[in-house]
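Visitor: from the sequence below, what's the structure:
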Amino acid sequence: MVSTATGIIITRATKDETNFAEGVIKQLIRDYKVVLIDTKRPAKKYWKTVIPETENPIRSVSFVDNKLIVSYLKDANTKVYLFDIKTAKPNKGSFLEFKRTLLKWSAAILTKNPSINVNSLIAIPYNPYFPKPYSRWTMAGMLDLENELKVAEEFWDFLGGRESYERLLNTFEEVGKELRDEIDEFFRRFNETRRVGG
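Guide: Sure thing, here's the model as predicted:
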C-alpha cells in the first residue's frame, strides 16, 4: 500500500502503476477527500471514498502503525513571507531600492490573489555590531523596522524555529575547525594569485 500527502491511497501498486496517480492528484486536491484506488481497476467509477470532502480542507494524509492520519486546515489563512537577503552594511541608496523591490514582490503576489496576507521583509543574516543591536544609520525612516526587517537570530529562528541561529553558528564553528587546514591553504593560494596578478 502506498500513500501520499495529497489524499490518494493505491493498493497493490507497482512503480509503473503509481505513475497513473499523477493525473488524479489535482482533482483530489480540489475535492479535499481521500479515495482508495485499486490499480487493477483504476477507472474513476471504481474509486472508493475513504474520507469524504468536508468544509475543512485536508492538509496531509499519512500512515502510522497501519492507521490513516489525516490533518485538516480549519480557520486557516494564507500568509506569504518574502525575504530579500542583503549584506550586513548596505548604503542609503540601497535601502530605497530594497523598499521598491519589496513593493514589487507584494504587488505581484496580490495581483494574482488579493486575499493572501503578504509580508515582505529585508533579511540580514548576521549582526556585525553584535553584541550591540543592529542599528545601521542608513535605515532611518526607510523601513518599518518591526515588520520589514529581520536580522541574525531573529531571521534564522523565524525560518527554522527556536535556537536555529545558535545551532547554525555552532555548525560553522565545527566545520571551521574540521576544515581549518584546507581553508588556510585556499586563502594562501588566493593571496598568492592576487599578488601575482595584481
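Visitor: when you work out contacts or count neighbours from here on, use the C-alpha atoms and nothing else.
Guide: OK.
Visitor: list the contacts of the helix or strand containing L103.
Guide: Element membership for L103 (DSSP states H and E) is helix 92-112. The set of residues external to helix 92-112 that reach it, using C-alpha atoms under 8 Å, 6 or more residues apart in numbering, is L82, D84, I116, V118, N119, S120, L121, I122, T138, M139, M142, L143.
Visitor: the nearest residue to the third one once chain neighbours are set aside and R189, how far apart?
Guide: What that stands for is I116. Once flanking residues are discounted, I116 sits nearest to T78: 5.5 Å by C-alpha to C-alpha, 6 or more residues apart in numbering. T78 sits 50 Å away from R189, taking C-alpha to C-alpha, to the nearest Å as the criterion.
Visitor: now E182
Guide: 11 Å.
Visitor: R100 now?
Guide: From R100 to R189 the distance is 40 Å (C-alpha to C-alpha).
Visitor: dihedrals phi and psi, Y81?
Guide: The phi and psi values for Y81, taken as degrees, to the nearest 10, are phi -110, psi 120.
Visitor: give me the low-pLDDT residue ranges for the chain?
Guide: Along the chain, the model assigns pLDDT under 70 to residues 1-32, 62-69, 76-77, 93, 136-140, 197-198.
Visitor: please, which helix or strand holds the residue nearest the centre of it?
Guide: Nearest to the geometric centre of the chain sits L159, at 7.7 Å (C-alpha atoms, centre = their mean). Per DSSP H and E, L159 falls inside helix 153-160.
Visitor: and what of N147?
Guide: Counting by DSSP H and E, N147 is found in no helix or strand.
Visitor: same check on F83?
Guide: If you go by DSSP H and E, F83 is part of strand 79-85.
Visitor: re the thing from before, and the angle for the helix or strand that the helix holding L159 is followed by with helix 153-160?
Guide: Using DSSP H and E, the helix or strand that follows helix 153-160 in sequence is helix 164-178. Taking axes from the mean of the first three to the mean of the last three C-alpha atoms, to 10 degrees, helix 164-178 and helix 153-160 form an angle of 100 degrees between their directions.
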